[in-house]
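K.L.:
pasting the sequence and the predicted model now:
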Amino acid sequence: MAYGENHDYNVGNTYMSIHAEEHAINKLPCAPPRKKKPRLDILVIRTTHTGHFGISRPCMRCTMLLYKEVPSKGYILNNVYYTLSNDTLVKTNVQELIKQHKIAPHISLYYRMKHGDI
C-alpha cells in the first residue's frame, strides 16, 4: 500500500530528517469509507552496511504517528514488525510499543545527537 525510506532535507538553515514510518504514512492513501475498515500491518527494516539487520524499533514520535495517523486515514493497524541487531524480526502492536516507551523510551540516534543527549 505504501513504502517509505528515511531521508534528510533542509528547510532554510534547518536540517531535518523523516523516518521511514512517517514517509510511508504520508504516502498511504485514505481508505474509501466503508463499514468495515481495512486492516494493515507495518514492517520496519533497517540493514547495516554488512547486510545484517539493525535495530529498527519505531521511536516515540513514529509510534505516536502510527497510533494517530493510520486510523485517521481510515485503517486499523494490526501488527508492527521491526528488526533487531541479532537478525531477529519482532512482532508487536502499537499499544505495546506505547507501553514500552513509557518504561524505556526509544529516541532515535539522530535526535539524541542533534539535541546533545549522547
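P.N.:
Now that the structure is in, tell me what you want to look at.
K.L.:
next one: the spatially most distant residue from the centre of the chain from Gly74, what distance?
P.N.:
What lies farthest from the middle of the chain is Lys35; by CA atoms, centre = their mean that is 27.1 Å. Separation of Lys35 from Gly74 (CB to CB, to the nearest Å): 12 Å. For the C-beta atoms, the positions are set from N, CA and C on the backbone; glycine is no exception.
K.L.:
wait, what's in contact with the residue farthest from the centre of the chain?
P.N.:
Applying CB atoms under 8 Å, 6 or more residues apart in numbering to Lys35 gives no contacts.
K.L.:
secondary structure class for it?
P.N.:
What DSSP: H, G, I helix; E, B strand; the rest coil gives for Lys35 is coil.
K.L.:
again with Glu96
P.N.:
Glu96 falls in the helix class when you classify it by three-state DSSP.
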